[in-house]
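> Here is a sequence together with a model predicted from it:
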Amino acid sequence: MRLAVRYLAYPLIIGIVSIGAVTLAASPGAAIALPILTLAGALVIGGLERLSPYQQAWTKNHGDLWADIQYNLMGAALIQASVHFIYPLSTAALSRGLWPNTWPLWASVLGVGIVIDFGLYWMHRWSHRSAILWRFHQPHHSPERLYWLNGERRHLVSALLLATPGLVAVAVLGAPQAALAAWFAILPVHLAFQHANIDYTLGPFRRLLGVAEMHRWHHKRDYEDAQVNFGEVLLIWDWLFGTAHDDRRGVAADELGLRDADYPRGFWRQHLAAFRSRRARL
């Protein structure tokens, strides 16, 4: 079983979720079906952590579970608001009708994903370079373990800033709403895998996708070591712009978190901390 999880978990689950998302995105019940599909995929990932953990110490609650649940609920609400309210208004106001209308839906989903991912890469990287943006990005780096729920741990301000460039770009291009809905059904499942406490690998394909074995380095407590692998889904941006790091040694259980031992743990306290003080970097 552990061998199957190690080599098949990511391609099988992401493949099923992706096919399901493209199939359901244009259906009348997409607004209900897509969130259910995302939740089902994430729950399977959570179950796989119990079958084949990367670090046994990360299977225990580190006092972060309730905050991560709150962050995930907020993230789900933002996705639904973006897809069903903000994006239609943005497209009506900004669209230049440049998106190829002849593309099949799966190609539009892929195109939307690439555009949004490019924006996420640069905003993520900038969030580590700007002292102001770092204050809002800190909650994402505060956990001392990685597991399936903390992929959505983002301050509200950071979440909005990260997503805005890509959303504006696809709105200007006039990408179909169904393509955005499908991508935003797939992305949280990938993020759950990206932070999952699962002993899995993509072999040589790890260099193309931001999966856990590459992304764990980004969460190291030593700030200088963590300035790598910013890509949310694609790592091609990191290879193109000199921020990629590939090391098969892995990350130890006690190497994660922030240097600031007094950084708050709770959802609301972390949101308020960004406005109250200029905290040091990692």
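Thanks, I have the structure now. Numbers count the residues shown, from 1 in each chain.

> use CA for all of it now, contacts and neighbours both
Will do.

> Quick one: list the elements packing against the strand or helix carrying residue 12.
If you go by DSSP states H and E, residue 12 is part of helix 2-24. The contact analysis (3 or more CA pairs under 8 Å, 6 or more residues apart in numbering; DSSP states H and E) places helix 2-24 against helix 30-51, helix 105-129, helix 177-194.

> Can you check what angle separates that helix from helix 177-194?
Interaxial angle, helix 2-24 versus helix 177-194 (axes from the mean of the first three to the mean of the last three CA atoms, to 10 degrees): 170 degrees.

> Let's see helix 2-24 as PDB, backbone CA atoms only.
This file holds the C-alpha atoms of helix 2-24, laid out as PDB (Å, rounded to 0.1, in the frame of the first residue of the first chain):
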ATOM      1  CA  ARG A   2       2.800   2.500   0.900                       C
ATOM      2  CA  LEU A   3       4.400   1.800  -2.500                       C
ATOM      3  CA  ALA A   4       1.200   2.500  -4.300                       C
ATOM      4  CA  VAL A   5       0.700   5.700  -2.300                       C
ATOM      5  CA  ARG A   6       4.300   6.800  -3.000                       C
ATOM      6  CA  TYR A   7       4.000   6.600  -6.800                       C
ATOM      7  CA  LEU A   8       0.300   6.700  -7.700                       C
ATOM      8  CA  ALA A   9      -1.400   9.000  -5.200                       C
ATOM      9  CA  TYR A  10      -0.700  12.400  -6.800                       C
ATOM     10  CA  PRO A  11      -1.200  11.500 -10.500                       C
ATOM     11  CA  LEU A  12      -4.300   9.400  -9.700                       C
ATOM     12  CA  ILE A  13      -6.100  11.800  -7.500                       C
ATOM     13  CA  ILE A  14      -5.200  15.000  -9.400                       C
ATOM     14  CA  GLY A  15      -6.100  13.200 -12.700                       C
ATOM     15  CA  ILE A  16      -9.600  12.200 -11.400                       C
ATOM     16  CA  VAL A  17     -10.200  15.700  -9.900                       C
ATOM     17  CA  SER A  18      -9.100  17.400 -13.100                       C
ATOM     18  CA  ILE A  19     -11.200  15.200 -15.400                       C
ATOM     19  CA  GLY A  20     -14.100  15.700 -13.000                       C
ATOM     20  CA  ALA A  21     -13.700  19.400 -12.800                       C
ATOM     21  CA  VAL A  22     -13.600  19.900 -16.600                       C
ATOM     22  CA  THR A  23     -16.600  17.600 -17.000                       C
ATOM     23  CA  LEU A  24     -18.700  19.400 -14.400                       C
END
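
> List the buried residues of that helix.
Across helix 2-24, burial judged by 16 or more other CA atoms under 10 Å covers 5, 6, 9, 10, 13, 14, 17, 18, 20, 21, 22, 24.

> same check, this time on stretch 52-71
For stretch 52-71, the buried set under the neighbour-count rule, 16+ other CA under 10 Å, comprises 52-55, 58-59, 64-65, 67-71.

> mean confidence score for that stretch?
Here stretch 52-71 scores 96 as its mean pLDDT.

> Residues contacting stretch 45-59, please?
By CA atoms under 8 Å, 6 or more residues apart in numbering, the list of residues contacting stretch 45-59 from outside reads 2, 5-6, 145-149, 192-193, 196-200, 253.

> Please repeat the previous calculation with a cut-off of 6 Å.
Contacts with stretch 45-59, where a contact means CA atoms under 6 Å, 6 or more residues apart in numbering, come from 2, 145, 148, 197, 198, 199.

> Filter those down to the buried ones, ChimeraX style.
When burial is assessed using 16+ other CA under 10 Å, the buried subset of the contacts of stretch 45-59 is captured in ChimeraX by this command:
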select :145,148,197,198,199
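
> Show me which pair in the contacts of stretch 45-59 is furthest apart.
Farthest pair in the contacts of stretch 45-59 (CA to CA) is 2 and 145. Separation: 21.0 Å.

> So residue 145, which state does it fall into?
The assignment at residue 145 comes out as coil when based on DSSP: H, G, I helix; E, B strand; the rest coil.
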